[in-house]
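Novice: below are the sequence and a predicted model for it; my questions follow.
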Amino acid sequence: MVLNSLDKMIQLQKNTANIRNICVLAHVDHGKTTLADCLISSNGIISSRLAGKLRYMDSRKDEQIRGITMKSSAISLHYTKDNEEYLINLIDSPGHVDFSSEVSTAVRICDGCIIVVDAVEGVCPQTQAVLRQAWLENIRPVLVINKIDRLIVELKFAPQEAYSHLKNILEQINALTGALFTSKVLEERAERETESQGNSSSEQGEQVYDWSTGLENTDDSHLYFSPDQGNVVFTSAIDGWGFGIEHFAEIYSQKIGIKKEVLLKTLWGDYYINMKAKRIMKVDQAKGKKPLFVQLILENIWSLYDAVLKKDKEKIDKIVTSLGLKIGAREARHSDPKVQISAICSQWLPISHAVLAMVCQKLPSPLDITAERVEKLMCTGSQTFDSLPPETQALKAAFMKCGSEDTAPVIIFVSKMFAVDAKALPQNKPRPLTQAEIAQRRERARQRHAEKLAAAQGQAPLEPTQDGSVLETNPKGEELRAGNEEQVESMTPKPVPQEESNQESFVAFARVFSGVARRGKKIFVLGPKYSPVEFLQRVPLGFSAPPDDLPPVPHMAYCTLENLYLLMGRELEDLEEVPPGNVLGIGGLQDFVLKSATLCSLPSCPPFIPLNFEATPIVRVAVEPKHPSEMPHLVKGMKLLNQADPCVQILIQETGEHVLVTAGEVHLQRCLDDLKERFAKIQISVSEPIIPFRETITKPPKVDMVNEEIGKQQKVAVIHQTKEDQSKIPEGIQVDSDGLVTLTTPNKLATLSVRAMPLPEEVTQILEENSDLIRSIQQLTSSLNEGRNTQMIHQKTLEKIWEFKGKLEQHLTGRKWRNVVDQIWSFGPRKCGPNILVNKNEDLQNSVWPGPVSKASKEVTKYRDLGNSIVSGFQLATLSGPMCEEPLMGVCFVLEKWDLSKFEGQGANDKQNQEQSDLVKEGQRGDETRSSGDENQELQDGCPEPCEKRTVQKGEASLSDCYGPFSGQLIATMKEACRYALQVKPQRLMAAMYTCDIMATGDVLGRVYAVLSKREGRVLQEEMKEGTDMFIIKAVLPVAESFGFADEIRKRTSGLASPQLVFSHWEIIPSDPFWVPTTEEEYLHFGEKADSENQARKYMNAVRKRKGLYVEEKIVEHAEKQRTLSKNK
């Protein structure tokens, strides 16, 4: 147990081959932080007695109170094995689903991970999530099955039962790994198939698909967890013990005389030992033979626990002496059996040795980074590695080499920024005083005392200064005072102005992938949207200019590495330089990095692929200061919070509200606490959670509210209904029977006909999943339309686009969807949403798909800007629907007709006048700016000359239309047409849904179901965990009903059930918010006013109220009638 000096750590950092960057991942409460405590105590940083109680890595106050980890924090440990010294950078991560973004930041800068699983609960939802995250980042996992003591003490399993239970857990985890592996192999195989099909398209023949072929050829044995491979350790972190099979194989190979290699293969599995023949045989279950694992390992541990729990002193002494251990008198006499167990076991089977030995053997060093992982990190968006410029591809070698020469490019990835109290930074800590300084201080204190006495006796009254100390008057004293002052300043932190004294300082949580990070080194900071291609276009090859003189490139800054820190849990240590492969903290980047960034000494480096977060931020609240004068503090505080949390989002809405978007209730609570106490330091008031909804339309229903077939019942309240319908749609709008809405612009020059149709669910889903691809399609087509010569689109990107188009065509089949995919004009809202605009107009064939660039004909140029107005109108309509101004989802707007004949007629007359005045100025350019001429005349020369010049300079279709009133009218008309087209169809609200995983014991199931049904939840499945009395319930729950859900479940079940909520999808609320009874049966069933609770209407009105829109509700009915009198007898 060595407490290492800083110099030792610096020395260890230089040997890259012996560095291990690992993170601890698990479900909430499976014992990550306790395990981390045990590993830290092996380095003497904390006492081994406090391991598990202290939770050293949980440095925040609220983490200690709640008992859960809320952030990932790193610590460097030293471990010696077989005369090799290793440096282990251990990162502890949260298990709660709200903080899964912190897991992503930890996983990115590691090479391996320890997956911890509770021996009782087994594989839980979050275990699956973290395994998937590790898999996506290509990092190698090892397994720790923790809390084995619970099998003995709580479940009271016999060793044989415990063995089969542990086997079960391993099977579950391997099944998960297998599923991830299979999907990857099949994906790769499908890619190869498509490529080979492209190459050998001439060979026509019967092709039989056998999906399993790829799996047979690929070796996946190294992926699975198995104790005989050495990547599984069994532990009880709270009792401080843990073992791998290797430990026991060594002991028994000497005792029994069977080779260690044989034992390693047979200690796990159905093998038993025949003591007479000294041979190991396969177990025949019928004979009741015990497997080796039970006989040689588990039974020993069970008998130790048994002896200690029954306080059998003789047996304990016998065990201790036979193991050759020394137990202190204090532990031996202690009344708590747990103390005795941990004293014996932590010497017999030290957990830190078992876990760290496995980490050093099985997990890769930074030198072993795979080419696949490097390529994945360097390709952002829909790019592929081959499509990157050659300068960028050359950096792959630097990644793989991980070299520390001066010529190696420095590449650092910052995965998050975390806030540290400025007092905790090493440079601000008071250093210990030397003897001389102490003597000087003493002298000074004596002098002051003498002066005070003198003053008290009435001699020369001295002037007190502001801080209460007294100024000397004699020159000799002054000199002395000045000298002392210097000394004092050097040993105490410099006095800081009051407001900044408790300021937060930001440290970047980072890892060096190549080169040596040195303090004071100048480096490029590349934001997530930076493109090296753009830089290489702007700057000539082999540029020799100093980086300060480079032309400005978007998303790139140039800064200095100010301070480098070694992260030691709650402490930071100053470093001068950090060799490659290490995890470090960097100070002084808060003005350059928002949440994550790539730092590189070469600007040809691409930014790393963004972190993939499992949890989507969905819970919104509006925040405002209690005292309006403190608004600037709030704004500043929210900026800092945004930087300090990888997942939180800060928005300022159109209404001026400051909105905080978080991943869940616990996350929200933490953000609000941070805002109040650390960043803004003011009192704030928080609104009720703002619940997001979506609006959509459905097919007309076949049956009414009482399940009668529509059209067969007798209509009673038809008058009531038609009145409502008439009030919805104002005059001047024609609506056909099939829902086609025709609208004319206010100046009567253009007429639009729009129809709204619901998209099939699968299509909406495809659009949601491919939003990034849609964004790149839009950028591509807009640059092609404007005639800019874009960089060559890479083949793979095009393939992805055509595959996406194929998927849409596959799902949009049938008569009404014929040719629709080719006619898609735009997606919305924000040009990448789950709604589409289809153009069925013959004159203008404008499609969103990138095709061969035709020469912009005069017609197209003339129509394009008007087309842009129509698309803008569609974007506005999809951004806020008619029900409660929420975005639309799953709606297809079809522009059936677009009549501009009047506008063209007027345009032709105007053009003649315009051309006469233009001839002198423009000569041959009349054609190109025709439409600008039209608009200008219509404006009565509203657009001044410079506007026209600008259009000509750009060499594109004129921009002046966009500022003319006609395009504005088109936008407004299109928006209105879309809204009315929606209103003539059956409208529905869509609610955001959580998937909810609850683990509960059988006796509280009823209460869990009661809470779920009260909150509109729906149970999907319920299964019992084998070997335990735990049930796993999977349910869906509307986000709107989820606030306080976790607390209520815990209260109702006395803490025996705790839910995990993850945002999953949007779901249509089946009830119609505008429904009124129209048939006799509905009247009988619901009454005249139908005032029973309508869920959708309740939600809609709540949102409308919040947004200050008109809500139709009667406050009081029959106010003059007194209803409380009893009837006359």
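Specialist: Here it is on my side, so go on.

Novice: low-confidence ranges in the stretch 951-1100 of the chain?
Specialist: When residues are selected by pLDDT under 70, those of the stretch 951-1100 of the chain lie in 951-965, 1087-1093.

Novice: now the strands: where do they sit in it?
Specialist: 987-1001, 1018-1024, 1030-1038, 1058-1068 (DSSP state E, counting those that start in this stretch).

Novice: ok and the longest one relative to strand 1058-1068, angle-wise?
Specialist: By that I understand strand 987-1001. 160 degrees (axes from the mean of the first three to the mean of the last three Cα atoms, to 10 degrees).

Novice: now for strand 987-1001, which elements pack on it?
Specialist: strand 693-697, helix 1005-1014, strand 1030-1038, strand 1058-1068, helix 1095-1107 (3 or more Cβ pairs under 8 Å, 6 or more residues apart in numbering; DSSP states H and E). C-beta coordinates here come from the backbone N, C-alpha and C atoms, glycine included.

Novice: let's see that with 6 Å instead.
Specialist: strand 693-697, strand 1030-1038, strand 1058-1068 (3 or more Cβ pairs under 6 Å, 6 or more residues apart in numbering; DSSP states H and E).

Novice: dump those into JSON lines; add distance to residue 456 as well.
Specialist: Compiled in JSON lines, those are given as follows (distance: least, Cβ to Cβ, whole Å):
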{"stretch": "strand 693-697", "distance to residue 456": "76"}
{"stretch": "strand 1030-1038", "distance to residue 456": "75"}
{"stretch": "strand 1058-1068", "distance to residue 456": "67"}
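
Novice: out of these, deepest packed?
Specialist: Per-stretch averages of neighbours, counted by mean count of other Cβ atoms under 10 Å, single out strand 693-697 among the helices and strands packed on strand 987-1001, with a mean of 25.

Novice: pull the residues that contact it.
Specialist: Contacts to strand 693-697, defined as Cβ atoms under 6 Å, 6 or more residues apart in numbering, come from residues 756, 758, 881, 883, 886-891, 982, 985, 987-990, 1066.

Novice: which of these fall within helices?
Specialist: residue 982 (DSSP state H).

Novice: that older thread, so which of the helices and strands packed on strand 987-1001 is nearest residue 401?
Specialist: strand 1058-1068 (39.7 Å; Cβ to Cβ).

Novice: other SSEs contacting the closest one?
Specialist: Using 3+ Cβ pairs under 6 Å, 6+ apart: strand 1058-1068 touches strand 987-1001.

Novice: would you mark the buried spots in the strand it packs on?
Specialist: 987-1000 (16 or more other Cβ atoms under 10 Å).

Novice: identify, from these, the entry nearest to residue 364.
Specialist: Nearest to residue 364 among those, counting by Cβ to Cβ, is residue 997 at 32.1 Å.

Novice: which residues does that closest one contact?
Specialist: By Cβ under 6 Å, 6+ apart, the neighbours of residue 997 are 125, 1034, 1060.

Novice: wait, doesn't the last one sit right on residue 97?
Specialist: Read it as residue 1060. Yes: with contact defined as Cβ atoms under 6 Å, residue 1060 and residue 97 form a contacting pair (4.8 Å).

Novice: which non-adjacent residue is nearest residue 896?
Specialist: residue 753 (4.4 Å; Cβ to Cβ, 6 or more residues apart in numbering).

Novice: distance check, that neighbour against residue 744.
Specialist: 10 Å (Cβ to Cβ, to the nearest Å).

Novice: again with residue 70
Specialist: 58 Å.

Novice: same check, this time on residue 168
Specialist: 71 Å.

Novice: give me the nearest residue to residue 657, chain neighbours excluded.
Specialist: Spatial nearest neighbour of residue 657, excluding adjacent residues (Cβ to Cβ, 6+ apart): residue 622 at 4.2 Å.

Novice: tell me how many other residues crowd the one you found.
Specialist: A count of nearby residues for residue 622, using other Cβ atoms under 10 Å, gives 19.

Novice: what bridges to it?
Specialist: Counting by DSSP bridges, residue 622 is bridged to residue 659.

Novice: pull the contacting residues for it.
Specialist: 657, 659, 687 are the contacts of residue 622 under Cβ under 6 Å, 6+ apart.

Novice: try residue 556
Specialist: 524, 526, 530.

Novice: where exactly do the strands run in the stretch 701-850 of the chain?
Specialist: Counting by DSSP E, counting those that start in this stretch, the strands of the stretch 701-850 of the chain are 734-735, 740-744, 751-758, 824-828, 835-839.

Novice: which one, of these, ends up nearest to residue 769?
Specialist: That would be strand 824-828 among the strands of the stretch 701-850 of the chain, by Cβ to Cβ, at 12.9 Å.

Novice: give me the contacts around the closest one.
Specialist: 774, 833, 835-839, 846, 848, 871, 874-875, 878.

Novice: so can I have TSV of those residues showing pLDDT, distance to residue 574 and neighbour count?
Specialist: Shown next, in TSV, are the contacts of strand 824-828 (pLDDT from 0 to 100; distance: Cβ to Cβ, whole Å; neighbours: other Cβ atoms under 10 Å):
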residue	pLDDT	distance to residue 574	neighbour count
774	82	48	23
833	84	49	24
835	90	54	27
836	89	57	29
837	88	58	26
838	87	62	23
839	84	63	23
846	69	61	20
848	72	55	24
871	86	56	21
874	88	57	26
875	90	52	22
878	90	53	27
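
Novice: identify the farthest-apart pair in the residues you listed.
Specialist: 833 and 846 (18.7 Å).

Novice: how about the helices of the stretch 701-850 of the chain, start to end?
Specialist: Assigned by DSSP state H, counting those that start in this stretch, the stretch 701-850 of the chain shows helices spanning 718-728, 761-769, 771-785, 795-811.

Novice: excluding sequence neighbours, find me the nearest residue to the most centrally placed residue in the chain.
Specialist: In the chain, the residue lying closest to the centroid (Cα atoms, centre = their mean) is residue 613, at 2.4 Å. Using Cβ to Cβ, 6+ apart and skipping the chain neighbours, the partner closest in space to residue 613 is residue 101 (4.6 Å).
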